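> can you look at this prediction? I've put the sequence above it.
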Amino acid sequence: MRKTTMALLSTSAGLALLIGAKAESAGAPKPALAVTSHLPGAPSPAGDNPTNSAAPATGESPPPATTPSPGPTTATAGGRFTGSVVDTPYGPVQVQAVLSAGRLTDVTVLQQTRGGHSSQIDSYALPQLKSEALKAQSANIDAVSGATYTSDGYAQSLQAALDAAHR
Amino acid sequence: MTAVRTATDHVMGTVVSLAAPDTTDPAHFQDAATAAFTHLHHVDQVFSPYLPDSPISRIRDGRLSLAGLVHHPDGPQIREVLDLCERLKQGSGGAFDAWAVGDPPRFDPCGAVKGWATEHASALAAAHGLPRHILNAGGDIRLHSGNDPAPWRVGITDPHHPGSVLTVLHLRDGAVATSGTAERGAHVFDPRTARPATALAQVTVTGPDLTLADGYATAALAMATDPRGRAATHAWLAALAARAGYQALTIDPFGATWHTTGLPDLLTAPATAMPSSARG
């Protein structure tokens, strides 16, 4: 009886050690998380690519130096274009557009109100439109149609990000 | 996204963006941009209700009579816009009424002018050597493709997720107009109730002509203030699609979307078009 208990205890200790070892080797993503959490507050430099920093989470070794990155190309503009924080009827919003070689590759909302209208949307959207919307997040878009922005509002618009990419 | 060269200008209280293929001769492009933007600035001077001495301000407070337009240098243009406003008022059952805008109601044709002016500016750009271009006046778009079979891809903003698009339309020639409350609040008033139009958050109308598409989108947003507004507006837009071929997409304040039956045809690229990625 007592022997059995001892055996179980030592097994647990062994498991703890194994978990500890895993935890140790999985420590690498921490800097990546830190980078991500800083994004909403501080403007990130153009070309900053926090997803690359998170690469160790998927492998045992650090990422090779040749990890593909949307680095600057000579032909057209690339990088992250961060808008200023705008107060909207749905709360403060800040948008970041990611352009690679002049193409809109991603749009991230850095600040958005929790709950309220925004969280209700997806359950109502038609599946067809929803899938189009998901594709459009990484789609090539030539222009954006929306409620008329003011001269000031233009600076935060997607159209402004597209125009900036072609200057 | 087609590789393009672009020009932008601040006019009519917004920003207008012109884009054409980057193979366009830079001098041609500049000429066309100047022609289009000059037209928009001129229209702004004539039709702005914010300039106290613009012809529109003088019509509004009775200093310029409609009979006096015959002798006015901008008379023909003003007459054209007044006729357009009248047609839109009739066509929308009074929901779009340039003679009863805001509270207190007064004459303001702005809801019709921007689309009309942009339609003309785009024609000028085409005539000045840009057979393929896209002109975006603060979110209302007129585009041409010339002989290029590839469509332009126009994203429709999601009013509930700023910075995201709801869907993408593929168009070779035509217009996309969107009216909504996201950028400037509830600025469209239903003249029949003097209440802000809020039953729909956004209305997009697409068809051949931006003058009409813009007017229809504005009218639909105004129409939606009625107690039975949403259903009535959708019935009106469906009839419009059947009658005139203008397709529509709406989204309500809670995120529910609705579209005319012909809209899905525009969501995918025509078979003749090369995928954008294949063209680099």
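Arrived safely, thanks for sending. What you see is a predicted model; the values in this text were computed from it and never measured.
> quick one: B:H28 from B:H41, how far?
21 Å (C-beta to C-beta, to the nearest Å). The C-beta positions use only the backbone N, C-alpha and C, and glycine is treated the same way.
> do B:R87 as well
In terms of C-beta to C-beta, B:R87 sits 26 Å off from B:H41.
> can I assume B:D214 sits in a helix?
Yes: secondary structure of B:D214 (DSSP: H, G, I helix; E, B strand; the rest coil): part of a helix.
> so what's the closest residue to it other than its chain neighbours up against?
The spatially closest residue to B:D214, leaving aside those adjacent along the chain, is B:G115, at 2.5 Å (C-beta to C-beta, 6 or more residues apart in numbering or on different chains). The contact partners of B:G115, by C-beta atoms under 8 Å, 6 or more residues apart in numbering or on different chains, come to B:A137, B:D140, B:A175, B:A177, B:L210, B:T211, B:L212, B:A213, B:D214, B:G215.
> which strand residues bridge the first one?
In other words, B:A137. Note on B:A137: beta-bridge partners B:V16, B:D140, judged by DSSP bridges.
> before we move on, which element is B:L84 in?
helix B:75-91 (DSSP states H and E).
> what mean pLDDT does that helix have?
Helix B:75-91 shows a mean pLDDT of 90.
> ok so, going back, list buried residues within the contacts of B:G115.
B:A137, B:D140, B:A175, B:A177, B:L210, B:T211, B:L212, B:A213, B:D214, B:G215 (16 or more other C-beta atoms under 10 Å in any protein chain shown).
> tell me the pLDDT at the last one?
Which is B:G215. pLDDT, read off for B:G215, is 91.
> number of residues surrounding the residue lying closest to it once chain neighbours are set aside?
Sequence neighbours aside, B:L88 is the residue nearest to B:G215 in space, at 4.2 Å (criterion: C-beta to C-beta, 6+ apart). For B:L88, the count of nearby residues is 23 (other C-beta atoms under 10 Å in any protein chain shown).
> and the helices in the stretch 51-200 of chain B?
B:55-60, B:75-91, B:110-127 (DSSP state H, counting those that start in this stretch).
> ranking the ones you listed by burial, who's on top?
helix B:110-127 (a mean of 23; mean count of other C-beta atoms under 10 Å in any protein chain shown).
> what residues does the stretch 151-280 of chain B put near chain A?
For the stretch 151-280 of chain B, the residues in contact with chain A (C-beta under 8 Å from any C-beta of the partner chain) are B:152-169, B:176-185, B:202, B:204, B:253-257, B:259, B:264, B:267, B:276-277.
> please redo it, this time with the cut-off set to 6 Å
B:152-157, B:160, B:162-163, B:165-168, B:176, B:178, B:180, B:182-183, B:254-257, B:267, B:276 (C-beta under 6 Å from any C-beta of the partner chain).
> can you check the pLDDT for residue 11?
Chain wasn't specified; assuming chain A. 39.
> nope, chain B
On the pLDDT scale, B:V11 is placed at 92.
> let me see the contact set for it.
B:L40, B:H41, B:D44 (C-beta atoms under 6 Å, 6 or more residues apart in numbering or on different chains).
> give the burial count for the closest residue in space to it that isn't next to it in sequence, as a bare number.
Of all residues not flanking B:V11 in the chain, B:L40 sits nearest, at 4.7 Å (C-beta to C-beta, 6+ apart). Close neighbours of B:L40, defined as other C-beta under 10 Å, add up to 22.
> what's the answer for the one 5 residues further on, then?
By the measure other C-beta under 10 Å, the count of residues near B:Q45 is 14.
> against B:T38, how distant is it?
11 Å.
> please apply the same query to A:G79.
Taking C-beta to C-beta, one finds A:G79 at 33 Å from B:T38.
> neighbour count winner among the two?
A:G79 (20 against 14).
> from the residues of the stretch 151-280 of chain B next to chain A, which land in strands?
B:152-157, B:165-168, B:176, B:178, B:180, B:257 (DSSP state E).
> in TSV, list these along with neighbour count.
Converted to TSV, those look like this (neighbours: other C-beta atoms under 10 Å in any protein chain shown):
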residue	neighbour count
B:W152	26
B:R153	22
B:V154	27
B:G155	28
B:I156	26
B:T157	27
B:V165	25
B:L166	27
B:T167	27
B:V168	22
B:V176	32
B:T178	31
B:G180	25
B:T257	20
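> any low-confidence regions in chain A?
Of all residues in chain A, those with pLDDT under 70 make up the ranges A:1-77, A:81-139, A:166-167.
> residue contacts, B:I56?
Counting by C-beta under 6 Å, 6+ apart, B:I56 has contacts B:F47, B:P49.
> let's see 8 Å
Counted by C-beta under 8 Å, 6+ apart, B:I56 has contacts B:V46, B:F47, B:S48, B:P49, B:I78, B:F107, B:D108, B:P109.
> next one: it from chain A, what distance?
18 Å (C-beta to the nearest C-beta, to the nearest Å).
> quick one: buried residues of the longest helix belonging to chain B?
Criterion DSSP state H: the longest helix present in chain B is helix B:26-47. Residues B:F29, B:A32, B:A33, B:A35, B:A36, B:F37, B:H39, B:L40, B:V43, B:D44, B:V46, B:F47 are the ones in helix B:26-47 that count as buried (16+ other C-beta under 10 Å).
> got the CA positions of it in PDB?
Provided in PDB are the C-alpha atoms of helix B:26-47 (Å, rounded to 0.1, in the frame of the first residue of the first chain):
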ATOM      1  CA  PRO B  26       2.300  60.000 -66.600                       C
ATOM      2  CA  ALA B  27       1.500  63.200 -68.600                       C
ATOM      3  CA  HIS B  28      -1.800  61.700 -69.800                       C
ATOM      4  CA  PHE B  29      -2.600  60.700 -66.200                       C
ATOM      5  CA  GLN B  30      -1.900  64.100 -64.900                       C
ATOM      6  CA  ASP B  31      -4.000  65.800 -67.600                       C
ATOM      7  CA  ALA B  32      -6.900  63.500 -66.900                       C
ATOM      8  CA  ALA B  33      -6.600  64.000 -63.100                       C
ATOM      9  CA  THR B  34      -6.500  67.800 -63.600                       C
ATOM     10  CA  ALA B  35      -9.600  67.700 -65.800                       C
ATOM     11  CA  ALA B  36     -11.600  65.500 -63.300                       C
ATOM     12  CA  PHE B  37     -10.600  67.400 -60.200                       C
ATOM     13  CA  THR B  38     -11.100  70.800 -61.800                       C
ATOM     14  CA  HIS B  39     -14.700  69.800 -62.700                       C
ATOM     15  CA  LEU B  40     -15.300  68.700 -59.100                       C
ATOM     16  CA  HIS B  41     -14.000  72.000 -57.700                       C
ATOM     17  CA  HIS B  42     -16.200  73.900 -60.000                       C
ATOM     18  CA  VAL B  43     -19.300  72.000 -59.100                       C
ATOM     19  CA  ASP B  44     -18.300  72.500 -55.400                       C
ATOM     20  CA  GLN B  45     -18.300  76.300 -55.900                       C
ATOM     21  CA  VAL B  46     -21.700  76.300 -57.700                       C
ATOM     22  CA  PHE B  47     -23.600  73.800 -55.500                       C
END
